[in-house]
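Participant: Pasted the sequence and its predicted model underneath.
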Amino acid sequence: MCSPILEVSGLHTHYGASHILHGINFSIKAGECISLMGRNGMGKTTTIRSIFGLTPATRGRIRVLGNDVTTLSPHSIARMGLGLVPEGRQIFPDLSVKENLTMTARPGLDGSWAWTLERVLQTFPPLAARLSNMGNQLSGGEQQILSIARALMTNPQLLVLDEATEGLAPLVRKKIWSVIQQVKETGITTIIVDKDVDTQLKVSDKSIVLVKGRVAFSGDTSELVANPDVHIQHLSV
Amino acid sequence: MDFATFLIQILNGVQYGFTLFLVASGLTLIFGIMGIINLAHGAFYMVGAYLSFWLFGITESLWIAILIGLPIMIVFGYAIERLAISLLYKRDHLYQVLLSYGLILVLNEMQKILWGSDFNSVPVPDALSISIPMGNQEYPVYRLFVSLVCMVIASSMYIIISKTRLGMMIRAGATHREMTQALGINISRIFAIVFSLGAALAGFSGMIDAPLSSVYPGMGDYILIISFVVIVIGGIGSVKGAFVGAMLVGLADTFGKILLPEFSSMVIYALMALILLWRPQGLFGRPT
Ligand SMILES: Nc1ncnc2c1ncn2[C@@H]1O[C@H](COP(=O)(O)OP(=O)(O)O)[C@@H](O)[C@H]1O
Ligand SMILES: [Mg+2]
C-alpha cells in the first residue's frame, strides 16, 4: 500500500498567458534517484516550481505520499517532507551560515533528526569553518554546499536539486557531485536537474526527459542509455 | 548658544529622533519585507495618540491608557493587514498606494466622527511632571523618560531582529521571499506579525508623544512624510538605517529651527538631498 512519494499527473502550468507545461505525468517511489532532463527552457525548473507550489499548477494533480498538494501553499508543501536546492542557490545573504542552516531546521515526518547541525558539519567540513560568516561572504561552491546542507537540515523525504553544479569550476563541481552521491547513499529520494548529462546518467536510477513542456521519455536510466536516439535527439547540446 | 542650550537641543533632537524611529522602523520593515508601501502608517501614529487621549479621559492615567491601548493597536494592525493589505501582496505598488491612501481618509474621517476637530491635550503623568535644572534652564523629565523608553524598545528590536528565529525569518524573507516559503516558513504569518507590530510601534509612539505634542486631526500626515524622509536617508528596508536616519533628522530639525530659523522647514529635505547625492540607495540601503 506504499503510495509513491511524488505523483504528478496531467500537470499544466502557465506563467501569465504563456503555457509552459502541457500535461506532465510521472511518479517517484521512495529511495529512487531521478534525473529530470531536457535542454534549456524545456520546463524543468517550472515543473519543480509547480511541485513546490511556487508557480501553482493551472491543471492536473500533484500528490505527495498520496496527499493532494496541488493547491497548498509552498510552506505547507515543504512541510510534507520536500527539500529544495533551487536554481541559483538562493542563500540568505543577511543570515550567517549557521542561521541559514538552523532557521528552518526541523525533524523529519517521523519525528527523527537524521540530519543535525553536527552531522551536516561533519559531512560538509567547509561549512564548519565558515559558521559565523554571512551568507554573501561565501564562494559560489560554498554557497552551493550550504544550499544543499540547508535543505537537508529540514530532514526531507524528497530532495530536489536544480542545477546544483551550475557556474562552478570543474573541481568544485566534482566536489558537489560527491556530496550528491553521499546524500543519495543515505537513502533520501532525489530529483536531480543538471547540465552534466553523463554524470546524471551514472548516478540516477530513473530518468525523465522533458521536451517543450511534455514528457519525451520516462523510465529506467539504463533504458535511456541503451536508447541513443532519445539521448541524441533531446539531450546533446 | 551656551552649553546648557546646546545640551537641551541635543536632548530634544534625540528625543524627536526616537519618536520618529518608532514610526519609521515599522514603515521600513513593512516596505523592506512585505514590499508594501503603507501610506496609512502615519495614521496609526494618530490613532495611538487619540487612543491615549480617549483612554486617559476614562482611566485618568496615561500608564493604564497605554496598557490598554497597546493591545488595541496590535489587534487593529492585525485586522488591517488581514482584511485589506493582504489582498494586495501580488499587486502593483500603485494599488497599495491607493488602498493605504484610502485608509488614511477613512481613519481621519473616523477620528473626526469619534473625537471631533478640536486640538486636545494629554497631561504629563504626575510622577514625571518635574524638571531638572540644566545650567540656568530646566529640562522636563518626561522627555528624558520618553527617550529612555524608546532606547529600550530600539534595543529590544535589535535583539529580536539579530538573535531570534523571528528575526532570522524577517531577514530571510526580506531578500528571498520564495525561498523562505519553500523551506517551510509561513510567510503570510510573518507578514501579519510584522505589520501588526509595526502598527503597534507607530501607535505607541503616538501614545507617549501625546503629552508632548497636542492631539489633533491630521497629526499623522506630517509624521508620515518625515518618516519617509527618514527611511529614504537610512536606506529603505534597513532598521539600522531607520535609526540613524531618525537621529539625523531629529537633530537636523531641532538645530535647524535654532540656527536657520527662516529655512527650518527645508533643512531636513536638504539633508536628504545631500545624502542621496552621495549614496543614492541611502546610508544602509542595498544598491539596486
Ligand atoms: N517567470 C517566467 N515568466 C515567463 N516565462 C518563463 C518564466 N520562467 C521561465 N519561463 C519560460 O518557461 C520555459 C521553461 O523554463 P524553465 O522551466 O526555467 O526551463 P528549464 O529549467 O528546463 O531550463 C522557458 O521557455 C522560459 O522562457
Ligand atoms: Mg532551469
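Facilitator: Noted; the coordinates are in hand. Since the model is a prediction, treat every value here as computed from it, not as a measurement. Ligands and ions are numbered 1, 2, ... in the order given.
Participant: could you pull out the strands for chain A?
Facilitator: A:6-15, A:18-28, A:33-37, A:59-64, A:67-68, A:82-85, A:158-162, A:189-193, A:206-211, A:214-220 (DSSP state E).
Participant: Of all those, which one is nearest chain B?
Facilitator: Taking Cβ to the nearest Cβ, strand A:82-85 is the member of those nearest to chain B, at 4.7 Å. For the C-beta atoms, the positions are set from N, CA and C on the backbone; glycine is no exception.
Participant: Just name the shakiest helix or strand of chain A by mean pLDDT.
Facilitator: Here the helix or strand of chain A ranked lowest by mean pLDDT, DSSP states H and E is helix A:228-234, holding a mean of 75.
Participant: Check which helix or strand the residue in the stretch 1-150 of chain B that chain A sits nearest to maps to.
Facilitator: Nearest to chain A, among the residues of the stretch 1-150 of chain B, is B:Gly32, at 10.5 Å (Cβ to the nearest Cβ). Taking DSSP states H and E as the criterion, B:Gly32 maps to helix B:3-34.
Participant: Let me see the mean pLDDT of that helix.
Facilitator: Average pLDDT, helix B:3-34: 94.
Participant: which is the next helix or strand following that helix?
Facilitator: In N-to-C order, the element after helix B:3-34 by DSSP H and E is helix B:41-59.
Participant: can you pull the buried residues of that next one?
Facilitator: Going by neighbour count (16 or more other Cβ atoms under 10 Å in any protein chain shown), the buried part of helix B:41-59 is B:41-56.
Participant: so who does B:Ile185 touch?
Facilitator: Residues in contact with B:Ile185, defined by Cβ atoms under 8 Å, 6 or more residues apart in numbering or on different chains, are A:His75, A:Met103, A:Thr104, B:Met169, B:Ala172, B:Gly173.
Participant: hang on, it is in a helix, isn't it?
Facilitator: No. Per DSSP: H, G, I helix; E, B strand; the rest coil, B:Ile185 lies outside any helix segment and is coil.
Participant: ok so, going back, filter the contacts of B:Ile185 by proximity to ligand 1?
Facilitator: Checked against ligand 1 using Cβ under 6 Å from any ligand atom, the contacts of B:Ile185 give no members in range.
Participant: most neighbours, which of the residues you listed?
Facilitator: Within the contacts of B:Ile185, most neighbours by other Cβ atoms under 10 Å in any protein chain shown means B:Ala172, with 28 neighbours.
Participant: what pairs with the residue nearest to the spatial centre of chain A across the strands?
Facilitator: Per Cα atoms, centre = their mean, the C-alpha nearest to the average position across chain A is that of A:Val160, at 1.4 Å. Applying DSSP bridges to A:Val160 yields these beta-bridge partners: A:Leu84, A:Ile191.
Participant: Kindly confirm whether my reading is correct that it touches A:Ile51.
Facilitator: Yes. Counting by Cβ atoms under 8 Å, A:Val160 touches A:Ile51, with 7.3 Å between them.
Participant: so what sits against both of the two?
Facilitator: Joint contacts of A:Val160 and A:Ile51 (Cβ under 8 Å, 6+ apart) are A:Leu82.
Participant: and chain A, which of its residues are near ligand 2?
Facilitator: Contact residues, chain A versus ligand 2 (Cβ under 5 Å from the ion): A:Lys44, A:Thr45.
Participant: Now, the contacts of B:Ile185 that are in helices?
Facilitator: Mapping the contacts of B:Ile185 onto helices (DSSP state H) picks out A:His75, B:Met169, B:Ala172, B:Gly173.
Participant: So among these, where is pLDDT lowest?
Facilitator: In terms of pLDDT, B:Gly173 ranks lowest among the ones in helices among the contacts of B:Ile185, with 92.
Participant: residues in contact with the residue nearest to it when sequence neighbours are not counted?
Facilitator: Using Cβ to Cβ, 6 or more residues apart in numbering or on different chains and skipping the chain neighbours, the partner closest in space to B:Gly173 is B:Thr180 (4.7 Å). The contact partners of B:Thr180, taken as Cβ under 8 Å, 6+ apart, are A:Phe92, B:Met169, B:Ala172, B:Gly173, B:Ile187, B:Ile190.
Participant: can you redo those residues as JSON lines with distance to A:Phe124?
Facilitator: Formatted as JSON lines, the contacts of B:Thr180 follow (distance: Cβ to Cβ, whole Å):
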{"residue": "A:Phe92", "distance to A:Phe124": "17"}
{"residue": "B:Met169", "distance to A:Phe124": "24"}
{"residue": "B:Ala172", "distance to A:Phe124": "20"}
{"residue": "B:Gly173", "distance to A:Phe124": "25"}
{"residue": "B:Ile187", "distance to A:Phe124": "27"}
{"residue": "B:Ile190", "distance to A:Phe124": "28"}
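Participant: thinking again about what came up before, tilt between the helix holding B:Gly32 and helix B:41-59?
Facilitator: Counting by axes from the mean of the first three to the mean of the last three Cα atoms, to 10 degrees, helix B:3-34 lies at 110 degrees to helix B:41-59.
Participant: Pull the most distant pair out of the ones in helices among the contacts of B:Ile185.
Facilitator: A:His75 and B:Ala172 (12.5 Å; Cβ to Cβ).
Participant: Need the contacts of B:Ile185 in JSON lines (columns: distance to B:Tyr158).
Facilitator: JSON lines is the format used below for the contacts of B:Ile185 (distance: Cβ to Cβ, whole Å):
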{"residue": "A:His75", "distance to B:Tyr158": "27"}
{"residue": "A:Met103", "distance to B:Tyr158": "18"}
{"residue": "A:Thr104", "distance to B:Tyr158": "23"}
{"residue": "B:Met169", "distance to B:Tyr158": "16"}
{"residue": "B:Ala172", "distance to B:Tyr158": "17"}
{"residue": "B:Gly173", "distance to B:Tyr158": "18"}
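Participant: just these now: which is nearest A:Ser218?
Facilitator: A:His75 (29.3 Å).
Participant: Do I have it right that the closest one meets B:Gln181?
Facilitator: Yes. Counting by Cβ under 8 Å, B:Gln181 is a contact partner of A:His75 at 5.0 Å.
Participant: Which residues are in contact with each of the two?
Facilitator: With Cβ under 8 Å, 6+ apart, A:His75 and B:Gln181 have common neighbours B:Ile187.
Participant: From B:Ser129, how far out is A:Ile176?
Facilitator: 67 Å (Cβ to Cβ, to the nearest Å).
Participant: higher neighbour count, these two?
Facilitator: Between A:Ile176 and B:Ser129, A:Ile176 has the larger neighbour count (other Cβ under 10 Å), namely 23 against 12.
Participant: Next, work out how far apart the closest residue to that one other than its chain neighbours and A:Leu158 are.
Facilitator: Distances taken as Cβ to Cβ, 6+ apart place A:Thr165 nearest to A:Ile176, at 5.0 Å, with adjacent residues excluded. To A:Leu158, A:Thr165 is 20 Å away according to Cβ to Cβ.
Participant: which ones are touching the residue nearest to the centre of chain A?
Facilitator: A:Ile48, A:Ile51, A:Phe52, A:Leu82, A:Gly83, A:Leu84, A:Val85, A:Thr190, A:Ile191, A:Val193.
Participant: Likewise for B:Val232?
Facilitator: B:Gly245, B:Met272, B:Leu276, B:Gly282 are the contacts of B:Val232 under Cβ under 8 Å, 6+ apart.
Participant: okay, those residues in a markdown table with secondary structure and distance to ligand 1 next?
Facilitator: As requested, these are exported to a markdown table (DSSP: H, G, I helix; E, B strand; the rest coil; distance: Cβ to the nearest ligand atom, whole Å):
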| residue | secondary structure | distance to ligand 1 |
| --- | --- | --- |
| B:Gly245 | helix | 35 |
| B:Met272 | helix | 35 |
| B:Leu276 | helix | 32 |
| B:Gly282 | coil | 29 |
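Participant: So among those, which ones count as buried?
Facilitator: B:Gly245, B:Met272, B:Gly282.
Participant: Can you tell me the closest non-neighbouring residue to the last one?
Facilitator: Spelled out, it's B:Gly282. B:Gly235 (3.2 Å).
Participant: quick one, phi/psi of that neighbour?
Facilitator: Backbone torsions for B:Gly235, taken as degrees, to the nearest 10, come to phi 100, psi 120.
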